[in-house]
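**Student:** next input, structure requested:
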Amino acid sequence: MNAPVPGSPKASPPAGAFHRRPLPDGLVDFSSQEGRTLLSQAMAAGDAEAFFPLVAQLHTQAEPAWCGLGTLVTVLNALDVDPGRAWKGPWRWFGEELLDCCKSLELATAEGLTLVEVACLARCNGALAEPVHAHAGGEGAFRAALTDCVRAPAGPFLVAGYDRATMGQTGAGHYSPLAAWHAERDLVLILDVARFKYPPHWAPVSQLWRAMTVPDPATGLPRGWIHFSRAPGVDVTADEAGALSERLAALGGVGVPKCPGKG
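**Tutor:** The predicted structure is shown next:
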């Protein structure tokens with residue numbers, strides 16, 4: 001096949017395919033001049049300590065329905081959790097393909113994940129996870145969790161589960177980590193893991209709260225947030241990693257490993 005000639009016209013994109021979406025009014029692109037100024041001001045105020053560990057591991061979800069899995073990859077690696085099994089070659093590292101417990105990857109692709117299922121996956125893989133549904137009257141608790149987490153340089157980290165339509169975006173339920181807060185303008189930095197669609201962006205905290213109160217059709221419950229931290233004693237020795245890999249290999253063909261506590 002002949003190589004493309006520089007300057008030659010590009011082939012027409014396939015019908016129905018998209019290259020990103022513009023951010024709605026009221027949301028600020030993280031990489032814009034305004035977005036950078038907001039970040040520098042939040043850093044100066046001590047309200048962006050979570051930004052660096054999270055952005056260093058920010059992962060673009062590998063499938064359109066894998067926002068929960070892509071968010072978990074980001075958070076588990078930011079918490080420096082050792083998965084105890086190989087990802088590629090000799091490397092123990094989280095990729096979405098390792099998160100095949102609680103719910104199969106096939107079902108996650110077809111249905112997405114509920115708030116409780118995302119938390120279950122985190123617990124199966126060495127983190128502490130506390131899901132909280134955004135019930136009426138709970139905005140104060142969310143704001144307290146947000147300010148605590150953005151000021152923590154090594155975790156805990158906060159993830160929001162929210163309704164995209166309420167944010168003026170296309171789509172429905174979505175998960176992404178929260179990395180910073182701008183107090184004066186009351187904006188939160190959402191590290192959107194669907195970077196093929198929207199860039200990381202600043203959004204009003206009150207708007208994100210409203211988006212979290214929208215019920216998930218799968219459960220009938222409001223969406224919400226998950227508080228993630230590193231579980232004590234999660235360091236894995238080489239012997240433990242080998243034994244875990246053997247146990248996981250023995251499960252091949254048996255089904256999805258069960259989440260601890262689910263019987």
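**Student:** from what I can see Asp82 touches Trp91, true?
**Tutor:** No. The criterion here is C-beta atoms under 8 Å, and Asp82 misses it with Trp91 at 10.9 Å. (Each C-beta comes from the backbone N, C-alpha and C, glycine too.)
**Student:** those two: who's more crowded?
**Tutor:** Asp82 (17 against 9; other C-beta atoms under 10 Å).
**Student:** and the more buried one, what's its pLDDT?
**Tutor:** On pLDDT, Asp82 comes in at 90.
**Student:** against Ala127, how distant is it?
**Tutor:** Between Asp82 and Ala127 the computed distance is 11 Å (C-beta to C-beta, to the nearest Å).
**Student:** okay, buried residues for stretch 51-66 please.
**Tutor:** 51, 53-55, 57-59, 61, 66 (16 or more other C-beta atoms under 10 Å).
**Student:** cool, and stretch 202-214?
**Tutor:** 202-205, 207-214.
**Student:** can you flag which of those residues belong to strands?
**Tutor:** Judged by DSSP state E, the subset of the buried residues of stretch 202-214 located in strands is 202-204.
**Student:** possible to save these as JSON lines with pLDDT?
**Tutor:** Listed next are these as JSON lines, based on pLDDT from 0 to 100:
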{"residue": "Trp202", "pLDDT": "98"}
{"residue": "Ala203", "pLDDT": "98"}
{"residue": "Pro204", "pLDDT": "98"}
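**Student:** which residues touch the residue positioned nearest the centre of the chain?
**Tutor:** The chain has Thr71 as the residue nearest its centroid, 2.0 Å off, counting by C-alpha atoms, centre = their mean. Contacts for Thr71 (C-beta atoms under 8 Å, 6 or more residues apart in numbering) come out as 61, 118, 159, 175-177, 193.
**Student:** you'd agree Glu63 is up against Thr109?
**Tutor:** Yes. Here Glu63 reaches Thr109: they are 5.7 Å apart, a contact under C-beta under 8 Å.
**Student:** ok so, going back, out of the contacts of Thr71, flag the one nearest to Cys102.
**Tutor:** Distance to Cys102, by C-beta to C-beta, is smallest for Val118 among those, at 8.8 Å.
**Student:** so what's that closest one up against?
**Tutor:** 68, 71-72, 129, 131, 159, 161, 175, 226.
**Student:** of the residues you listed, just the buried ones, ChimeraX syntax please.
**Tutor:** A single ChimeraX command suffices to select whichever of the contacts of Val118 are buried according to 16+ other C-beta under 10 Å:
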select :68,71,72,129,131,159,161,175,226
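**Student:** so which of the contacts of Val118 are in helices?
**Tutor:** Judged by DSSP state H, those include 68, 71-72 as members of helices.
**Student:** where do the strands sit along the stretch 101-250 of the chain?
**Tutor:** Counting by DSSP state E, counting those that start in this stretch, the stretch 101-250 of the chain has strands at residues 127-133, 157-163, 173-182, 187-190, 201-204, 224-230.
**Student:** nearest to Cys149, out of the ones you listed?
**Tutor:** Set against Cys149 and scored by C-beta to C-beta, the strands of the stretch 101-250 of the chain come closest in strand 157-163, at 4.1 Å.
**Student:** what pairs with the closest one, parallel or antiparallel?
**Tutor:** strand 173-182 (antiparallel), strand 224-230 (antiparallel) (DSSP bridges).
**Student:** what angle separates that strand from strand 127-133?
**Tutor:** Strand 157-163 and strand 127-133 are oriented at 40 degrees to each other (axes from the mean of the first three to the mean of the last three C-alpha atoms, to 10 degrees).
**Student:** which of the residues in strand 157-163 are buried?
**Tutor:** Going by neighbour count (16+ other C-beta under 10 Å), the buried part of strand 157-163 is 157-163.
**Student:** kindly export that strand (C-alpha atoms) in CSV.
**Tutor:** In CSV, the C-alpha atoms belonging to strand 157-163 read as follows (Å, rounded to 0.1, in the frame of the first residue of the first chain):
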residue,chain,number,x,y,z
PHE,A,157,-9.4,10.2,46.2
LEU,A,158,-12.9,11.0,45.3
VAL,A,159,-14.8,9.7,42.2
ALA,A,160,-18.2,11.1,41.0
GLY,A,161,-20.9,9.1,39.4
TYR,A,162,-23.2,11.5,37.6
ASP,A,163,-25.6,12.1,34.8
